[in-house]
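**Student:** need a structure here:
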Amino acid sequence: MLIRSVRGFTPKYGKNCFFAENSTLIGDLIMGDDCSVWYHAVLRGDVNRITVGHRVNVQDGAVIHGTFEKSATNIGNDVSIGHNAIVHGCTIEDRVLIGMGSIIMDDSVVYSNSIIAAGSVLPKNTIVPEGSVFAGIPAIKIKEISPELQKGEIERIAANYTQYASWFK
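**Tutor:** You can find the predicted model right below:
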């Protein structure tokens, strides 16, 4: 794994985290406990702060970044960021699933207990209400989250990635 300081900032992270050998953590990054950053994922806090809660998994090829002097990135607890997703200068609250290949742009807010379907694009300033499923390009609300989706997708995937990370330690 590459951990690199920039502009006087060095990434900080909590206990029991897993970082794949070719993952990258740069600059103004603060990450909680029990997180995992997978192969080729990049968290680049060079131009603005990235704050990541506990039990967050950043899957293979995902990129987390922000916009200089404008948009920091804030990610809550129990969040799964799917393979090749881009999370840029936005806020992701607790218990959210960001599907594979999704793009979340600056100043968007994804409220808790929500799913962004694979391949979706949230343009700048998109607001995803709590308990929503958004899909499409541009992404729109397609339904309310059901208890089955909450347990079967959001909670299951977050828990699975904690287990997967334990296999690599």
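
**Student:** got a pLDDT number for Met1?
**Tutor:** Met1 is assigned 85 on the pLDDT scale.

**Student:** with Lys151 instead?
**Tutor:** 90.

**Student:** quick check on it: phi, psi?
**Tutor:** phi -80, psi -50 (degrees, to the nearest 10).

**Student:** how close does Val47 get to Leu25?
**Tutor:** 15 Å (CB to CB, to the nearest Å). (Glycine included, C-beta is placed from N, CA and C.)

**Student:** same deal with Thr126?
**Tutor:** As judged by CB to CB, Thr126 and Leu25 stand 27 Å apart.

**Student:** looking at those two, which has the bigger crowd around it?
**Tutor:** The neighbour comparison of Thr126 against Leu25 (other CB atoms under 10 Å) goes to Leu25, with 26 against 21.

**Student:** show me what the longest helix seen in the chain is packed against.
**Tutor:** Taking DSSP state H as the criterion, the chain has its longest helix at helix 156-167. Where contact means 3 or more CB pairs under 8 Å, 6 or more residues apart in numbering; DSSP states H and E, helix 156-167 is packed against strand 36-37, strand 57-58, strand 80-81.

**Student:** the last one: what's the following helix or strand?
**Tutor:** Towards the C-terminus, the helix or strand next in line after strand 80-81, according to DSSP states H and E, is strand 86-88.

**Student:** kindly report the same for the first one.
**Tutor:** The first helix or strand that comes after strand 36-37 along the chain, using DSSP H and E, is strand 42-52.
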